[in-house]
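A.B. asks: Here is a sequence together with a model predicted from it:
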Amino acid sequence: MNAGPKSYILPVLMTLLLHGGIVVLTAFTWFETDPDSRRVVPQYIKAELVDLRSQTEAKKDALRKTEAKKQAEIKKKADAKAAAKRKVNAEAKAKERALAKEKAAQSAKQEQAKKVADNKKAEQQAAAIKQQAAAKKQAAAEQLALSKKQDALKKAEQKRQQEAQRKVAQAERERQQQVEQEFRALEEAQRVEAQAAAEQAWAANAKQLVASAESVIIAGVQSQWRRPPSARNGMVVGVRIHLLPTGEVDDAYVTDPSGDEAFDRSAVNAVLKAERFPSLQAIDPVVFDRYLRQISLKFRPEDLRR
């Protein structure tokens, strides 16, 4: 270790004190001697030239060594103290670290325990929520099933009532249809009966009209018939007469010849000469169309017949 400026102070002071002592001793001796004695042959002091510088340097070296040793001891003590202090500090820090580590471990343990507790609580809450949700879902499903069942029962009841009403309505319709059918059948029977009666009455009336008209036609034709000389008993000729509603003869022709042309021609000429029957205009057109529009007459020499 290098000595600082303070390490030279002690050697310098010792050197100055040594020289000062020599000077003081010399002066003291000087002042105590009588003046007379001064004239005595001076006593010479044998002095040896000492290299004070070397001595000083040696002393300085010794002082430096001593100081260095002292400083080394001080440093050693200081280093030991510092080491002890560092050891104490290190131990304190180690203890603090251990305490901090233990505290951190305890805190971590507590945090982990809290985390586990929180997780467990969260899991329990989640399980409770899930259970509540499942219960709600189950309740909702049961309610839905009950609602569906009630709806099904309601619909079934409505359907049953509708079916019953439909059957009642169907039975009523069928009854009404039966009544209507019976009524229509009665009406139809009455109508048929009335129509039959009317037709009978009409037919009877028509028969009378036709008979009367035929009598008129036969009389008219008979008044115009001139039998030819070749006519003989037993001859018969059939003639078809076409009449108009006005009573006019539209056409006449032989349908069943007698074999005697002159006889046949005389019958047709008799019809054509009759020409018209005015009384036929008053006859019902239906009767005329059905019975008188076309009529057939048979001509015999002895008589004229329908």
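C.D. replies: Done, it's in.
A.B. asks: C-alpha only now, for contacts and for neighbours.
C.D. replies: Will do.
A.B. asks: helix or strand right after the helix or strand bottoming out on mean pLDDT in the chain?
C.D. replies: Least confident helix or strand, the chain: helix 35-38 with a mean of 52, by mean pLDDT, DSSP states H and E. Downstream of helix 35-38, the first helix or strand assigned by DSSP states H and E is helix 52-224.
A.B. asks: by contact count, what packs against that following helix?
C.D. replies: helix 9-32, helix 261-274, strand 303-305 (3 or more C-alpha pairs under 8 Å, 6 or more residues apart in numbering; DSSP states H and E).
A.B. asks: where does the protein have low pLDDT?
C.D. replies: Along the chain, the model assigns pLDDT under 70 to residues 1-8, 11, 23-52, 116, 129, 141, 303-306.
A.B. asks: Just give me the residue right at the centre of it.
C.D. replies: Per C-alpha atoms, centre = their mean, the C-alpha nearest to the average position across the chain is that of Leu144, at 19.4 Å.
A.B. asks: Outline the domain layout of this structure.
C.D. replies: 5-105, 225-305 (automatic domain parsing).
A.B. asks: roughly how far is the last one from the heart of the chain?
C.D. replies: This means domain 225-305. 95 Å (C-alpha atoms, centre = their mean, to the nearest Å).
A.B. asks: coming back round to it: how about CSV for the domains of the chain, with distance to Ala197 added?
C.D. replies: Shown next, in CSV, are those (distance: least, C-alpha to C-alpha, whole Å):
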stretch, distance to Ala197
domain 5-105, 129
domain 225-305, 17
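A.B. asks: Can you say which of those domains is packed in most?
C.D. replies: By mean neighbour count, with neighbours taken as mean count of other C-alpha atoms under 10 Å, domain 225-305 ranks first of these at a mean of 17.
A.B. asks: Count the residues that sit near Gln143.
C.D. replies: 13 (other C-alpha atoms under 10 Å).
A.B. asks: distance of it from Gln150?
C.D. replies: As judged by C-alpha to C-alpha, to the nearest Å, Gln143 and Gln150 stand 10 Å apart.
A.B. asks: Check Glu199 too.
C.D. replies: In terms of C-alpha to C-alpha, Glu199 sits 69 Å off from Gln150.
A.B. asks: do the same with Lys120
C.D. replies: Lys120 is 43 Å from Gln150, by C-alpha to C-alpha.
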